Each structure stands twice: as C-alpha cells, then as structure tokens.
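A.B. asks: No letters, just coordinates:
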C-alpha cells in the first residue's frame, strides 16, 4: 500500500513539473539584488544566447503585456533583450516616451549609476528587418549614419509606421498579449519626457533616474516586474 502511494505521489510531481516547465520564468529578481550585476555590463551573463523563441512578460501600472522574441530575426539584439529582461534591468523603470497611435518606448534605468555603466555599451547591428507594423518591436538607435548604436531602449509600434521602414531597424518580434495595455499608457508628455535616443533630451533622465522622472513626470507609467520564459508551440 505504501509503495503504491509513493508511486502515485511521484507520478503527480513529475506530471506537475512537466506541465509547468514551458512556462517557468527565468531569474526574476528585485532591483537591489540585480544591481551588482547591472553595474557590470561586461559580465558574461549578458552574452548568454537567447532561446530560439522566448516570451517576455511585463507587469505594468496599466496591466500585463507579453513580447514574443525570435532570435533568428536578429541574434545580437535578441540576446541583449533576453538578458536585460531576465537579469532585472527593466524592473521598476518607466515608459519615458509614449506617443499615442505611434510608439511606446522604454529602457532608461531608474538608477543613474546603472545608466552610466551602460552608456556606450552598443550592440553590433543585425541585418535590417524594418517593417514597422502595429505590435512589432525593435531596439532604437541613434539615427541614420550612426551604425552599431543600439543599446538598451526598446520601442513598440502602436500603429503601422511605414515611414520608419526606410531606416535599418531590426524587428525582433511582436506583442502577443496586452496590446491594449500599451495603447493605454500615459501619453500626455509626448516628446518632453526624454524623447528618443537621437533627440538629445535624455541626459537629465539618465543622471537623475527614477527620482528625477517621478518628480518631473509623475504620470509616466511604470514597468513593475519582468519575467522571461522559453516558448514551445
């Protein structure tokens, strides 16, 4: 009888583990625990290859959205985004640039020391895959003629933006859940809360971090928690 009971429990545990494995999140962490690693962008942890397909879940002040990241669309960018997300870079940060029916952008850290550590930690360019359809996402860069200047900032297209297709953005995937959450992000500051990487307005946000952003732009929506999991269809 005891042997039979143990066998049943073991089977249940194995079944539960199999059921949960595909959705197991990778290394969710608090900002304090993540800080030493985030201050060391040369750490090998940031070069770990992303899975062929992964999903990144963002909990925000407006709800949850999920990005599906495809490594074959841009390995350099996919690896950077995957590792920033899994190692806690985006946790407790702000959507500093939101323009309704255009884009939502984030990726400035809330700790000025972390921003300083990542300043100039550019990625090599991936091949251009610049079809900026609604729900697609990519790294921003410093503009035409500034190759290899992607870093930590991601944008999502809130509408079809074919005017941007002439630039060599590398689309890395699509929003698969929560597009309405992104549509609802506070957009009242427009380009005044830091704008994009090429407009020259981000210095105060980089140096002041969350304290500055929360004081000067208190209505910005926040990224509360970010988790990553491999995806199996």
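C.D. replies: Great, that's in hand. It should be emphasised that the depicted structure is a prediction, and the values quoted were computed from it without experimental measurement.
A.B. asks: Am I right that residue 92 is in contact with residue 213?
C.D. replies: No - shown here, residue 92 and residue 213 do not form a contact pair, counting by Cβ atoms under 8 Å, at 11.1 Å. C-beta here means a position set from N, CA and C on the backbone, and glycine is covered the same way.
A.B. asks: who has more neighbours, those two?
C.D. replies: residue 213 (21 against 17; other Cβ atoms under 10 Å).
A.B. asks: Near the nearest residue to the more buried one once chain neighbours are set aside, how many other residues are there?
C.D. replies: Among residues not flanking residue 213 along the chain, residue 94 sits closest, at 5.1 Å (Cβ to Cβ, 6 or more residues apart in numbering). By the criterion of other Cβ under 10 Å, residue 94 has 24 neighbours.
A.B. asks: Residue 106 now?
C.D. replies: 23.
A.B. asks: correct me, but it touches residue 89?
C.D. replies: No - applying Cβ under 8 Å as the test, residue 106 and residue 89 come out as separate, 10.4 Å apart.
A.B. asks: re the thing from before, and the gap between the residue nearest to residue 213 and residue 212?
C.D. replies: Taking Cβ to Cβ, to the nearest Å as the measure, residue 94 falls 10 Å from residue 212.
A.B. asks: what does residue 222 give?
C.D. replies: Relative to residue 212, and taking Cβ to Cβ, residue 222 is found at 14 Å.
A.B. asks: Pick out whichever of those two has more residues nearby.
C.D. replies: residue 222 (19 against 16).
A.B. asks: can you pull out the helices in this structure?
C.D. replies: Along the chain, counting by DSSP state H, helices occupy 2-20, 31-38, 75-86, 112-118, 179-183, 203-216.
A.B. asks: mean pLDDT for those: which is lowest?
C.D. replies: Note on the helices of the chain: helix 2-20 shows the lowest mean pLDDT, a mean of 40.
A.B. asks: I appreciate the help and will end here.
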